[in-house]
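Trainee: Sequence first, predicted model second:
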Amino acid sequence: MSSNLNEPFLVGDAFVLKLEKAYHMWYIFGKHWLKNEIEEPARVYKIAYAHSVDGINWERDSKCIIQDVLNEYECQALPTVAYHDGIYHMFFCYREAIGF
């Protein structure tokens, strides 16, 4: 996938899972930049979801699917989904946007 009007930069880290006749993708996208007095500007990125019937054309709504734990400037990355004991689990990383 590429950038779009709602996700203008940093679209990546995709994890795709095919279930029955549909594809499901979890990925990251850049929300905004943070100006920083000490370091270079920092990106804030979140995990989103998309789905597809053919694995080529994806439908996405550019919504963050994981609630922030640290603060609104939390960065989330590397979503991975696994099925265990009848439940789907997502594993991912998160950190502060600045000073991590």
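Mentor: Good, I have the coordinates. Worth saying up front: this structure is predicted, and the values here are computed from it rather than measured.
Trainee: alpha carbons only for contacts and neighbour counts from here, please
Mentor: Fine.
Trainee: List the buried residues of stretch 41-56.
Mentor: For stretch 41-56, the neighbour count (16 or more other Cα atoms under 10 Å) marks 42-52 as buried.
Trainee: show me where the chain has strands.
Mentor: 11-19, 22-34, 42-52, 59-60, 74-84, 87-96 (DSSP state E).
Trainee: Need the winner for burial among the ones you listed.
Mentor: strand 42-52 (a mean of 21; mean count of other Cα atoms under 10 Å).
Trainee: about what we covered before: can you add distance to I66 and give the strands of the chain back as a markdown table?
Mentor: Supplementary listing: the strands of the chain in a markdown table, determined by distance: least, Cα to Cα, whole Å:
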| stretch | distance to I66 |
| --- | --- |
| strand 11-19 | 15 |
| strand 22-34 | 11 |
| strand 42-52 | 7 |
| strand 59-60 | 15 |
| strand 74-84 | 8 |
| strand 87-96 | 10 |
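Trainee: Can you lay out those as a markdown table showing mean pLDDT and distance to L5?
Mentor: Below are the strands of the chain laid out as a markdown table (pLDDT from 0 to 100; distance: least, Cα to Cα, whole Å):
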| stretch | mean pLDDT | distance to L5 |
| --- | --- | --- |
| strand 11-19 | 95 | 12 |
| strand 22-34 | 95 | 11 |
| strand 42-52 | 96 | 15 |
| strand 59-60 | 96 | 12 |
| strand 74-84 | 96 | 20 |
| strand 87-96 | 96 | 25 |
